[in-house]
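**Student:** Dropping the sequence and predicted coords here.
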Amino acid sequence: MKELLSGNEAIARGAYECGVRFAAGYPGTPSTEIMEAFATYEGVYAEWAPNEKVAMEVGIGAALAGARVMVVMKHVGVNVAADPLFTVSYTGINGALVVVSADDPSLHSSQNEQDNRNYAKFMKIPMLEPSDSQEAKEFIKIAFEISERFDTPVFLRSTTRVSHSKSVVTLEAPKTMEDRTAIRCNAEKYVMVPMNARKRRVEVEKRMRLLEAFAENFPENRMEINDPEVGIITAGMSYHYAKDVFPDYSYVKLGMVHPLPVGLIREFASRVRKLYALEELDPFIEEQVRALGIEVTGKAIFPYTNEFNPGIVEQAIIGHDKILRTLPERQLPLRPPNLCPGCPHRGLFYVLGRLKVFISGDIGCYTLSFMKPLDALHSCICMGASIGMAHGMSKALGEKGRGKVVGVIGDSTFLHSGMTPLLNMAYNHSDALIVICDNLTTAMTGMQEHPATGFTLQGEKTMGVDLAKLVRALGIKSVRLVDPYDLKKTRTVLKEELAKPGPSVVISRRACVLFKREKLSPGKPLRVDPEKCTGCRLCLGLGCPPIAWKKLVGPSGDQKKKGEKQQGIAVIDLNICSGCGLCRQLCKSDAIVEQI
Amino acid sequence: MDTKGILIAGVGGQGILLASDILCRVMMAADLDVKKSEVHGMAQRGGCVTSHVRYGQKVYSPIARKNDVDILVSFEKMDTLRYLYFLKPEGTIIINTEELYPPAVNLGDAVYPEDIIESVRQLFGIVKVVDATGLAVRAGNIRAVNTVLLGTLSSCLPLPLEIWETVLKNTFLPKLLEANLKAFQLGRAV
């Protein structure tokens, strides 16, 4: 049977087909749909862990018990999970362990575009890289075979373009594997104290030599000899970009990007006249090919930054695009992403932005508050960083920073990696204010459950941690709750907490406006009474998508003009207004009213 | 058959991804290889959304290069102009007349261009202008804008109507099907 699947759906399907029944992960674009798709298969166990390190450790434990386990995360998640991963490379895994890393060249939805192929080399873990959905499904199976055969964790690296493209996949019947789980103790192999780890370290090098030999005959490292004039070594989506524009060139298409098949590459190099290494981001293949003493062109012509496309590949190799016609250049207003109409973050950040404080931000929808007109977020580094950074900044500023430093973090992000830095704030007498923007879900990646939502990934009811009690247990004495739809109260509470000495936490709680389970209906769409609107533009400061500014010009505008100064009026698009009422609270002339 | 390309573009929330999914299923039903590509995530929050669909006997890249797309289906009037460079000079354009103002226009810092359809007509021969929102309302579901535009697209592709109808029937829940079939027919008649 054939089905149209995204790369992510295909990875989940492949894991299911080859008998994997255990997976753990933390949501993050572009990886999220892998876990979501896997969780729907019959007889599987799949969980969202609070962060990638926990997911990895859950996976390692399950693999040590003999299970075949998939652990899933985005590229920066591997940074969080790196600590256990580096060492599980030493121990081996008993069952099978495949780590899916979904990288994000072009930073479509990430804070950096790190190339996680480097981790494969750094951690001495083999890595496969599929180029489309069919390969994604096949490669995850191969990854599990390699993991079992060589007693090693294996990376499957995807990129946004592979994860989020859809193509035709042939489905197969799922295999059921015999249950191989059991308690087996082997302290020498799994207790990584120096005396044991030194021995395992040697095993890692032995394993790498075996994997290098395996790579030479691995059928998915494929040589396609066509025109011997030009040879391209490539992997992943770049292969398709190149084949699209240069179907007649010769190729080495690598299914395994670490370790590289050195013999195959040498042979290929000897059979083509001009050799290219075509790869997005780092010169990972190129540097290794050059280290073999082979002349190769790579980053001299291909960009280091951003994902490629067929045009970039063509331009780099032949020196120009296939330009058939140049269109007149035209400047258009940009269309950046924005907080949704009715988003609970808007009220909070509207207030925060006017408090003249430094706002140490974090990862989530609210990061968009850095943009105009809210202008209410001043740093964002990684998951959980807001709290430690706010504390550090507050300490460094001393008296100058009193009441001037705020950290903001979402509920899911707080549970991911905000708890330890908050404990640190209590422990080290911090003076900063932390605001937890609690929208009752992991909104940014599309409403995933977390330990405070009361549900698991597979929809089972469970405990939901009480954030206020948790924060108190971490040693924070001053904890307040606000509704960000109430601008006045939110402002009062934030000012009071900023004025207090010592660390405080304000929980700004209201469900994400897109969250269907909460069945929200903030209110009825509002409209602007043009007779009352004075054109003061206060409501526009919210940056709410339905509120637009209409200039009063021409005959009808002139007639409507009430004061000399009035340049225009606000209008609200009733089709997208959620009726949250923030603009109504700001309007000083009662011009924002309900629809008639 | 060479690989052909369709680019569907618009604003997050307009149903672009479902439209390109339906298009891919139609191509599969017509025994063609097909790939599509879009980027999820930040773009969903009122930002630009594009979905490339490429089909033929054997498709490599899921995204097209400049001057390579056969049909551009633009769900938002102004955003048509953002993607013209993808089109072949002899390409076809389908434009929805809906205007969605980006923040800079809302704030009065930028102006929404007024000459969009005229300037597109000067550059390209086949331009179909569709009031998709109006037709969706006529069909009985304001959210069926994407199905209206698929209907218009279907009139530009040499594929039997039955394939489209079968895929639509397999896509929509029974309670939504009637309005969507109607929306498709209205769009196809443009």
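**Tutor:** Yep, that arrived. Numbers count the residues shown, from 1 in each chain, chains lettered A, B, ... in the order given.
**Student:** Okay, residue A:289 and chain B: tell me how far apart.
**Tutor:** Between residue A:289 and chain B the computed distance is 23 Å (CB to the nearest CB, to the nearest Å). C-beta here means a position set from N, CA and C on the backbone, and glycine is covered the same way.
**Student:** so what's residue 80 closest to, chain neighbours aside?
**Tutor:** I went with chain A, as the question did not name one. Take residue A:80 and drop its neighbours on the chain: the residue closest to it by CB to CB, 6 or more residues apart in numbering or on different chains is residue A:52, 4.2 Å away.
**Student:** oops, chain B please
**Tutor:** Excluding its sequence neighbours, the residue lying closest to residue B:80 (CB to CB, 6+ apart) is residue B:74, at 3.8 Å.
**Student:** what's the answer for residue A:71, then?
**Tutor:** Among residues not flanking residue A:71 along the chain, residue A:59 sits closest, at 3.8 Å (CB to CB, 6+ apart).
**Student:** And for residue A:384?
**Tutor:** The spatial neighbour of residue A:384 that comes closest, neighbours along the chain excluded (CB to CB, 6+ apart), is residue A:417 at 2.9 Å.
**Student:** Tell me the spacing between the residue nearest to residue A:80 and chain B.
**Tutor:** Noted for residue A:52: a distance of 18 Å to chain B, by CB to the nearest CB.
**Student:** ok, for residue A:51, nearest residue in space, not its chain neighbours?
**Tutor:** residue A:416 (4.3 Å).
**Student:** Helix or strand: which one has that neighbour?
**Tutor:** Assigning secondary structure by DSSP states H and E places residue A:416 in helix A:411-417.
**Student:** Packing partners of that helix?
**Tutor:** Contact partners of helix A:411-417 among helices and strands, from 3 or more CB pairs under 8 Å, 6 or more residues apart in numbering or on different chains; DSSP states H and E: strand A:433-438.
**Student:** Direction included, what does the strand it packs on pair against?
**Tutor:** Taking DSSP bridges as the criterion, strand A:433-438 pairs within the sheet with strand A:405-410 (parallel), strand A:504-509 (parallel).
**Student:** Specify the stretch among those that is closest to residue A:316.
**Tutor:** With CB to CB, the closest approach to residue A:316 among the strands paired with strand A:433-438 belongs to strand A:405-410: 40.0 Å.
**Student:** For the closest one, give the mean pLDDT please.
**Tutor:** Across strand A:405-410, pLDDT averages out at 98.
**Student:** what's that strand in contact with?
**Tutor:** Strand A:405-410 has contacts (CB atoms under 8 Å, 6 or more residues apart in numbering or on different chains) with A:348-349, A:352, A:355, A:357-366, A:377, A:384, A:386-387, A:389-391, A:393-394, A:397, A:418, A:431-439, A:442-444, A:494, A:498.
**Student:** So which of those sit within helices?
**Tutor:** In helices, defined here by DSSP state H, the members of the contacts of strand A:405-410 are A:348-349, A:352, A:386-387, A:389-391, A:393-394, A:397, A:494, A:498.
**Student:** what about the least confident helix or strand in chain B by mean pLDDT and chain A, touching?
**Tutor:** Of the helices and strands making up chain B, the lowest-confidence element is helix B:103-106, at a mean of 88, by mean pLDDT, DSSP states H and E. Yes: residues of helix B:103-106 are located near chain A by CB under 8 Å from any CB of the partner chain, namely B:103, B:104, B:105, B:106.
**Student:** Once you drop chain neighbours, what's closest to the last one?
**Tutor:** It refers to residue B:106. If you skip the residues right next to it in sequence, residue B:106 has residue A:548 as its closest partner in space, 4.2 Å away by CB to CB, 6+ apart.
**Student:** Phi, psi for the one you found please.
**Tutor:** Here the main-chain torsion angles of residue A:548 (degrees, to the nearest 10) amount to phi -120, psi 160.
**Student:** hang on, it packs against residue A:573?
**Tutor:** Yes: assessed by CB atoms under 8 Å, residue A:548 is found in contact with residue A:573 at 6.8 Å.
**Student:** When those two are compared, which one has more neighbours?
**Tutor:** Neighbours per residue (other CB atoms under 10 Å in any protein chain shown) separate residue A:548 from residue A:573, with residue A:548 holding more: 21 against 17.
**Student:** ranges for the strands of chain B?
**Tutor:** Taking DSSP state E to define them, one finds strands in chain B at B:4-11, B:33-38, B:48-56, B:69-74, B:87-96, B:126-130.
**Student:** Identify the residues contacting residue B:54.
**Tutor:** With contacts defined as CB under 8 Å, 6+ apart, the neighbours of residue B:54 are B:3, B:4, B:5, B:6, B:34, B:35, B:36, B:61, B:62, B:63, B:64.
**Student:** Am I right that the fourth one is in contact with residue B:73?
**Tutor:** What it means is residue B:6. Yes: in terms of CB under 8 Å, residue B:6 counts as a neighbour of residue B:73; the distance is 6.7 Å.
**Student:** what touches both of the two?
**Tutor:** Applying CB under 8 Å, 6+ apart, one finds that residue B:6 and residue B:73 are jointly contacted by residue B:153.
**Student:** Between those two, point out the one with more neighbours.
**Tutor:** A direct count of neighbours by other CB under 10 Å for residue B:6 and residue B:73 places residue B:73 higher, at 32 against 26.
**Student:** Specify the beta-bridge partners of that one.
**Tutor:** For residue B:73, the beta-bridge assignment (DSSP bridges) gives partners residue B:8, residue B:94.
**Student:** Three-state assignment for residue A:301, please.
**Tutor:** Under DSSP: H, G, I helix; E, B strand; the rest coil, residue A:301 falls in the coil class.
**Student:** And the closest residue to it other than its chain neighbours, which helix or strand is it part of?
**Tutor:** When the adjacent residues along the chain are set aside, residue A:301 lies closest to residue A:316, with 4.3 Å between them (CB to CB, 6+ apart). Element membership for residue A:316, per DSSP H and E: helix A:310-318.
**Student:** in that helix, what's buried?
**Tutor:** Under the neighbour-count criterion of 16 or more other CB atoms under 10 Å in any protein chain shown, helix A:310-318 has A:310, A:311, A:312, A:313, A:314, A:315, A:316, A:317 buried.
**Student:** Kindly report the same for stretch A:486-497.
**Tutor:** Of the residues in stretch A:486-497, A:486, A:487, A:490, A:491, A:493, A:494, A:497 count as buried by neighbour count, 16+ other CB under 10 Å.
**Student:** which one of the residues you listed is nearest chain B?
**Tutor:** Checking the buried residues of stretch A:486-497 against chain B with CB to the nearest CB, the nearest one is residue A:487 at 19.8 Å.
**Student:** any idea of the pLDDT on the closest one?
**Tutor:** pLDDT at residue A:487 comes out at 98.
**Student:** now the one 10 residues further on
**Tutor:** We note a pLDDT of 98 for residue A:497 in this prediction.
**Student:** Hmm, it is touching residue A:433, no?
**Tutor:** Yes: with contact taken as CB under 8 Å, residue A:497 and residue A:433 are classed as touching, separated by 5.2 Å.
**Student:** What residues does residue 2 make contact with?
**Tutor:** This is for chain A. Contacts for residue A:2 were tallied using CB under 8 Å, 6+ apart; they are A:168, A:169, A:170, A:171, B:28.
**Student:** hm, I was asking about chain B
**Tutor:** Contacts were defined as CB under 8 Å, 6+ apart; by that measure residue B:2 touches residue B:56.
**Student:** And it, how far from residue B:32?
**Tutor:** Using CB to CB, to the nearest Å, we find residue B:2 at a distance of 12 Å from residue B:32.
**Student:** same deal with residue A:188?
**Tutor:** 57 Å.
**Student:** Go through stretch B:77-91 and flag the buried ones.
**Tutor:** Taking 16+ other CB under 10 Å as the neighbour-count basis, stretch B:77-91 is seen to contain the buried residues B:77-88, B:91.
**Student:** try stretch A:176-189
**Tutor:** Going by 16+ other CB under 10 Å, stretch A:176-189 has these buried residues: residue A:189.
**Student:** Averaged pLDDT, that stretch. What do you get?
**Tutor:** Model confidence over stretch A:176-189, given as mean pLDDT, is 94.
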